[in-house]
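>>> quick one, what's the 3D model for this:
(2 chains)
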Amino acid sequence: MTARLRGFWPAVPALVLLFLFFLFPVVRMLGFSIEAGTLDWYAKALGEGLYLQVFWNTFEIALLVTVICLLLGYPLGFLIATTTPGWATLGFIFVLLPLWTSVLVRTYAWMVLLGRNGVFNRWLIASGVISDPLPLLHNFNGVLIGMVHVLLPYMVLPIYGAVRRLDPALVAAAEGLGASNWRIFWRIYLPLTLPGIFAGAVIVFVLSLGFYITPALLGGGKVMMVAVMIEQEVRQTLNWPFAAALSAVLLVLTIGVYTIAQSVARQEAQR
Amino acid sequence: MASRSADLKVEGLVKRFGEVVALDGVSVDIASGELLTILGPSGSGKTTLLKVVAGFETPDAGTVRIDGKDITAVPPARRDIGMVFQNYALFPHLTVERNVAFPLEMRNVGRSEIESRVAEALGLVELKGYGKRLPRQLSGGQQQRVALARAIVFNPRLLLLDEPFGALDRKLRETMQLEVRRLQRRLGLTTIFITHDQEEALVLSDRIAVMNKGSIQQIASTTEIYERPANDFVADFVGESNIFHGTVTEVGSVTLESGRRLLTTHGAPVGTRVGVLMRPERFGQGVNSFNGEVREAVYLGSSLKLRLACDDGLELIVRQPVRGPLPATGTRLNVAIDRESIHVF
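The predicted model follows:
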């Protein structure tokens, strides 16, 4: 047996597990969608405006969440990477603690905070900033806030890593050569941390596409994302073949986005 | 390239990092167009001194003046100082051209002028035709040249080099040393060169400042540093040396702790405690003669290095020209040194 094959055996349990609990169910699900021997369910998923609209919504929300995560996450990741070790630890705790908490718990916490009589609205009214409660829950705003909160760590961590990898001597060199802070950021930090930004954006975007709990609970049924729609098909209309077809489309779209992102990243790396 | 070289005056610099005193009252004057080497072991404070001059560290006390103007509080970006870092610090995402253009772009120089000045700078470091490459596509020596071009392209008032040749192999390092020297002379650039390599310091400098433990031990010409070191540290750090201590018993002679009397040419008054330095290669003919036994003999190609245990207990390092076979351990030997070759400090 060759050395390369011998390295294969320790991985067998994990491969079996992946096959049984991941690949098999996916294939089974794809089977549901073409059980009738036709592609009718796909035609419905891709042909009817309503469903296309939901896919489009999902992409829009994912994109918006990614952009907001980037705008919030870059300064945060940058700060944690460049501050003193003590503050960095504190920053990490703040970033990671939510990551270790169940999404369900966090989502319910947001419901408490964002409701018409929630903590935020009561504060804002009590402090006189607004007179009527802001619509923060059971709508687009709520979904956006919740998703950004859940996904922010996935943006912060790669950016933190990219900033840490940057040689501080480069920054000193740029400064010594006459660059202002603003120009150091645009000319040195930003281009050299682009791979981190890209990695974070891809993770956040791809995860957003399949989000279910947050839009289901914070959207109040008014914000329809693909995962929410699939769940409705499964539980309310009991149309499993159609749910399977929707899932398959989402899966292909997600893999497509990921593949394109990978090839762009590879081209960038070779440049 | 027009020279805007300035003189530098550093006065009473103190810098502490917690308990550690990195600079303990350092003062240096560098004339316009001069190359000063700061030589010292690691931890002597030489890099801290450079960082204070460049503006990356703020001193706890003291001033840095360029052409008489106090710049101690001026941020690095507005000091107009070119610096070459230990690991070059080239921007990996920019081509050679863009790296060299960087300081000019920061000064909002026009595009056509940038182009011609970059070409000129790359020509000076003999890298014409490499402009479109990325730093990682160059050898260590070439990267070094790019860093140098980037540091001089904007006519800095001062050039700082922080152990720039540490990562290069010996041959390349010697080439680069001569090249830096040539370039520095040609541009008349006031330059501070930091190194822990005493040979490098001797090759490059007009003057050498020897640093240890945060203070300057001696600033003098290269020959002065080698021939007439100011104290034990300088004598020991620069070159091979035989250092002993003794007392002046009459003018022109020193009695060592071992009881031996050495005839010298110094003028220190009777009773002074002094150090005595004898360079190993200075032994030959002379009035001071030593009898002893060879403890160790090493063949170095161009010379022999002997460790000689003298009968009065002194141990000497002696270099001799190679004549015949290596003396065996235990061989009796007589060596001598003249008055003029003994430095008393």
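
>>> and the residue nearest the centre of chain B, what element?
Chain B has residue B:201 as the residue nearest its centroid, 3.2 Å off, counting by Cα atoms, centre = their mean. Using DSSP states H and E, residue B:201 sits in helix B:198-204.

>>> which parts of the stretch 51-200 of chain A are strands?
Shown for the stretch 51-200 of chain A, no strands are assigned by DSSP state E, counting those that start in this stretch.

>>> and it, which residues reach chain B?
Counting by Cβ under 8 Å from any Cβ of the partner chain, the stretch 51-200 of chain A comes close to chain B at A:167, A:169-170, A:172-180, A:183, A:187-188, A:191-192. The C-beta positions use only the backbone N, C-alpha and C, and glycine is treated the same way.

>>> hang on, residue A:211 in a helix?
No: using DSSP: H, G, I helix; E, B strand; the rest coil, the assignment for residue A:211 is coil, not a helix.

>>> quick check, it in contact with residue A:231.
No: when contacts are counted by Cβ atoms under 8 Å, residue A:211 is not listed as touching residue A:231 (11.6 Å).

>>> any weak-confidence spans in the chain?
Chain wasn't specified; assuming chain A. Applying pLDDT under 70 to chain A picks out residues A:1-4, A:270-271.

>>> that answer is for a different chain, and I need it for chain B
In chain B (pLDDT under 70), the answer is B:1-3.

>>> quick one: the helices in it?
B:46-54, B:96-106, B:111-124, B:140-152, B:170-187, B:198-204, B:222-227, B:232-237 (DSSP state H).

>>> among the ones you listed, which is nearest residue A:151?
Closest to residue A:151 of those is helix B:96-106 (Cβ to Cβ; 35.3 Å).

>>> so what touches the closest one?
Under the contact criterion Cβ atoms under 8 Å, 6 or more residues apart in numbering or on different chains, helix B:96-106 has outside partners A:174, A:177-180, A:183, A:187, B:77, B:82, B:90-91, B:94, B:113-114, B:117-118, B:121-122, B:127, B:130-135, B:138, B:146, B:149-150, B:153-154.

>>> check stretch A:233-248 too.
Residues contacting stretch A:233-248 (Cβ under 8 Å, 6+ apart): A:29-36, A:41-42, A:44-45, A:51, A:226, A:229-230.

>>> try it again with 7 Å
In this structure, residues lying in contact with stretch A:233-248 by Cβ atoms under 7 Å, 6 or more residues apart in numbering or on different chains are A:29-30, A:32-33, A:35-36, A:41-42, A:44-45, A:226, A:229-230.

>>> looking at those, which are in helices?
In helices, judged by DSSP H, the following of these are found: A:29-30, A:32-33, A:41-42, A:44-45, A:226, A:229-230.

>>> derive a ChimeraX selection command for the buried subset of those residues.
Of the ones in helices among the contacts of stretch A:233-248, the buried ones go into a single ChimeraX selection, burial set by 16 or more other Cβ atoms under 10 Å in any protein chain shown:
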select /A:29,32,33,41,42,44,45,226,229,230
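
>>> quick check: the farthest pair among the ones in helices among the contacts of stretch A:233-248?
Comparing all pairs in the ones in helices among the contacts of stretch A:233-248 by Cβ to Cβ, the longest separation belongs to A:30 and A:229, at 17.9 Å.

>>> between residue A:211 and residue A:231, which is the more surrounded one?
residue A:211 (23 against 14; other Cβ atoms under 10 Å in any protein chain shown).

>>> give me the phi and psi for that one.
Main-chain dihedrals, residue A:211, degrees, to the nearest 10: phi -70, psi 140.

>>> could you do residue B:240 as well?
The phi/psi pair for residue B:240 (degrees, to the nearest 10) is phi -80, psi 150.

>>> was I right to think it contacts residue B:318?
No: using Cβ atoms under 7 Å, residue B:240 makes no contact with residue B:318, being 9.9 Å away.

>>> identify the contacts common to these two.
residue B:280.

>>> looking at the two, which one has more neighbours?
Taking neighbours as other Cβ under 10 Å, residue B:240 and residue B:318 compare with residue B:318 leading, 26 against 12.

>>> what is the more buried one paired to in the beta sheet?
Taking DSSP bridges, one obtains residue B:306 as the residues bridged to residue B:318.

>>> got a list of what it touches?
B:280, B:283, B:306, B:308, B:335.

>>> hmm, try it at 10 Å
With contact set as Cβ atoms under 10 Å, 6 or more residues apart in numbering or on different chains, residue B:318 has these partners: B:240, B:242, B:278-284, B:290, B:292, B:294, B:297, B:303-308, B:333, B:335, B:337.

>>> now stretch A:97-107, how far from the chain's geometric center?
14 Å (Cα atoms, centre = their mean, to the nearest Å).

>>> same check on stretch A:211-224?
15 Å.

>>> and if you look at stretch B:281-297?
30 Å.

>>> any buried residues in that stretch, and which?
Those buried within stretch B:281-297 under the rule 16+ other Cβ under 10 Å are B:281-283, B:286, B:288, B:290, B:292, B:294, B:297.

>>> my guess is residue B:76 contacts residue B:51. True?
Yes: contact between residue B:76 and residue B:51 holds when scored by Cβ atoms under 10 Å: they sit 9.2 Å apart.

>>> pull up the overlap in contacts between the two.
A:172, B:57, B:83.

>>> closest one of the residues you listed to residue A:113?
Nearest to residue A:113 out of the shared contacts of residue B:76 and residue B:51 is residue A:172 (Cβ to Cβ; 43.0 Å).

>>> with adjacent residues omitted, what lies nearest to the closest one?
Excluding the flanking residues, the one nearest residue A:172 by Cβ to Cβ, 6 or more residues apart in numbering or on different chains is residue B:56, at 5.8 Å.

>>> in this structure that neighbour contacts residue A:176, no?
Yes: with contact taken as Cβ under 10 Å, residue B:56 and residue A:176 are classed as touching, separated by 7.5 Å.

>>> higher neighbour count, the two?
Shown here are residue B:56 and residue A:176; by other Cβ under 10 Å, residue A:176 has more neighbours (27 against 16).

>>> no further questions, thank you.
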